[in-house]
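> Fold the following and give me the result.
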Amino acid sequence: MLIGILQTGHMPYALVGQTGDYADMFERLFAGFGFTFRTWNVVDGDFPEGADAADGWLITGSRHGAYEEHEWIAPLERLIREISESGRPMVGICFGHQIIAQALGGKVEKFRGGWSVGRQVYDFGDGELALNAWHQDQVTELPPGAQVIAENDFCKNAGMVIGKSIFTVQPHPEFDRDVVAGLIEHRSAAVPGELVEGARERLHQPTDSAELATRMAEFLKKGAK
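Numbers count the residues shown, from 1 in each chain. Predicted coordinates:
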């Protein structure tokens, strides 16, 4: 099964040698599930010809806001709607979660409550999962037909499904402790100091990234049938 990765941002240059870029992290996360991958750097204007270029799709995180005026945002939203209409499975992470919601009629805003960074715990309905986060923007209004599948007190719309083909989450299952440590060093200037210190203190606490990866992989495979 070919998964098309729509890369909507890049990791800080200082970290790429250690962590790889977003697409590299997702390939590691989904290792062992039988997927093959192709990446399109949509953030740089590189787009697939259409929804049928891959069997399933994944949209990465980004330092950009879904509501910002970049040349690649509108064509990405059009592609998201095309993929949705095709019925091909699509997964979105952080920015991916947000841009899918926005493209399908929801709303994304810079959250008045501020930032969420480092290990957080989310209620997935059938239990709690601990996952790393790094965001200030949030989905504040769901698109039509969306159902919330994950939340906590800080982020009410931390995950959603739409029909049988769309699965999105706000946290980053692809972020391990080394990635978060690198972001603390290279991309935390705008984050309040107490949140940075809290994230640093939780670096060695375990996360449930493998469990969420399994759920997403099963969703992609089931949606492709």
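
> Just give me how far the host helix or strand of Glu27 sits from the chain centre.
Per DSSP states H and E: Glu27 is located in helix 22-29. Relative to the chain's own centre, helix 22-29 is displaced by 12 Å; criterion: C-alpha atoms, centre = their mean, to the nearest Å.

> Touching whichever helix or strand comes after it from outside, list them.
Where DSSP H and E defines the elements, the next helix or strand beyond helix 22-29 is strand 36-40. The contact list for strand 36-40 (C-beta atoms under 8 Å, 6 or more residues apart in numbering) reads 1-7, 23, 26-27, 30, 46-48, 53-54. For every residue, glycine as well, the C-beta is placed using N, CA and C.

> If you count neighbours, what's buried in strand 36-40?
Within strand 36-40, the residues that count as buried by 16 or more other C-beta atoms under 10 Å are 37, 39-40.

> Closest one of these to Gly145?
Nearest to Gly145, judged by C-beta to C-beta, of these is Trp40 at 26.3 Å.

> so how far is Ala54 from the closest one?
Separation of Trp40 from Ala54 (C-beta to C-beta, to the nearest Å) stands at 9 Å.

> so what sits against both of these two?
Counting by C-beta under 8 Å, 6+ apart, the residues touching both Trp40 and Ala54 are 4, 48.

> from the middle of its chain, how far away would stretch 204-217 be?
Distance, stretch centre to chain centre, for stretch 204-217: 13 Å (C-alpha atoms, centre = their mean).

> Three-state assignment for Gly114, please.
Under DSSP: H, G, I helix; E, B strand; the rest coil, the three-state class of Gly114 is coil.

> Check the one 5 residues further on too.
Following three-state DSSP, Arg119 is assigned to strand.

> Does it touch Asn132 like I think?
Yes. Using C-beta atoms under 8 Å, Arg119 is in contact with Asn132, at 5.7 Å.

> shared neighbours, the two?
Residues touching both Arg119 and Asn132 by C-beta under 8 Å, 6+ apart: 180, 207.

> Pull out the buried residues from the least confident helix or strand in the chain by mean pLDDT.
Across the helices and strands of the chain, mean confidence by mean pLDDT, DSSP states H and E is lowest for helix 13-19: a mean of 90. For helix 13-19, the buried set under the neighbour-count rule, 16+ other C-beta under 10 Å, comprises 15, 19.
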